[in-house]
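Asker: Compute the structure for the input listed below.
(2 chains)
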Amino acid sequence: NAGVTQTPKFQVLKTGQSMTLQCAQDMNHEYMSWYRQDPGMGLRLIHYSVGAGITDQGEVPNGYNVSRSTTEDFPLRLLSAAPSQTSVYFCASSYSQGVYNEQFFGPGTRLTVL
Amino acid sequence: AQSVTQLDSQVPVFEEAPVELRCNYSSSVSVYLFWYVQYPNQGLQLLLKYLSGSTLVKGINGFEAEFNKSQTSFHLRKPSVHISDTAEYFCAVTRRRMDTGRRALTFGSGTRLQVQP
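Answerer: Below you'll find the model as predicted:
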C-alpha cells in the first residue's frame, strides 16, 4: 500500500492564482481530511469528508473548496491564493468518522504564496 | 469548547536521559486523547491514544502517557531517549463542534524534542 499520497510536494504561487492540491489514499478509508500547519499553531482542520459525495467545513474553511467524487481522492482547491495561505498542508484519512480511529497522514505540501 | 495546551514549545535533552512532554486539555466531558509524532519533513504518525480503561497507555518506540482526569493532563514520557527521537510531538483531543455536534480532532501547538549527544 502506498498509504496517503500528496502532490505536489512544493508549490509557489502568486497572489490571486488558483491551484489544486491532490490527495489520494489506497486503504479504502471513508474519512478524509485536510489540515494546515503553521508555526506555533499546530494543525488546523480545513475541510473533511465522511464518504464519497459528502464534505463538511472544519475550523478554517475560508478560501478553500473540496469535493469527494471517489473514495480514493480528496482534492483541495485554492480559488484565489493569498499570502495568508502560505503553509504546509496535510491530507489525512481514517477508517471511519469516529475520531478514536487513527488518522494516517500524507507527507505534506509546502505552499508559498507571494 | 475543548482546547489543548502544550506548555513547552521546545525541549532539549541529552541522549539516554528521561523526558516528559506536557499536555493539558480543557473539557468537562469524556474525551479521547492522542499523541502524534512528526519526524523532519514527514507527515504525522500516531504514537499512542487513550480511549478508556487503564490510565497508563503504552505506545510505539518506548513512549507512554498517563491520563490524569483530575488534572486534565495527558503527559508523554520516555525513560531514556535516543537521537532518533528528535521530532515534533503533538497532543490532540477530540472536540465536539457546537455547530454540527460532530466530533473532530483538535491539535496542540506542538513540542519540538531535540535530543543531543
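Asker: Surely residue A:80 and residue A:18 touch.
Answerer: Yes: counting by CB atoms under 8 Å, residue A:18 is a contact partner of residue A:80 at 6.3 Å. C-beta coordinates here come from the backbone N, C-alpha and C atoms, glycine included.
Asker: Find the residue at the geometric middle of chain A.
Answerer: The residue lying closest to the centre of chain A (CA atoms, centre = their mean) is residue A:34, at 2.8 Å.
Asker: Tell me if I am right that that residue is in a helix.
Answerer: No: Residue A:34 is assigned strand when assessed by DSSP: H, G, I helix; E, B strand; the rest coil, not a helix.
Asker: Can you name the residues bridging to it?
Answerer: On the basis of DSSP bridges, residue A:34 is bridged to residue A:47, residue A:91.
Asker: For residue B:24, give me phi and psi.
Answerer: Note on residue B:24: backbone dihedrals following degrees, to the nearest 10 are phi -120, psi 150.
Asker: Which residues are in contact with it?
Answerer: Residue B:24 makes contacts with B:4, B:5, B:7, B:71, B:72, B:73, B:74, as judged by CB atoms under 8 Å, 6 or more residues apart in numbering or on different chains.
Asker: let's see it at 6 Å
Answerer: By CB atoms under 6 Å, 6 or more residues apart in numbering or on different chains, the contact set of residue B:24 is B:5, B:72, B:73.
Asker: quick one: it from residue B:108, how far?
Answerer: According to CB to CB, to the nearest Å, residue B:24 and residue B:108 sit 9 Å apart.
Asker: again, but for residue A:62
Answerer: Taken as CB to CB, the span from residue A:62 to residue B:108 is 23 Å.
Asker: Compare those two and say which is more crowded by neighbours.
Answerer: Set residue A:62 next to residue B:108 and count neighbours by other CB atoms under 10 Å in any protein chain shown: residue B:108 wins out with 26 against 9.
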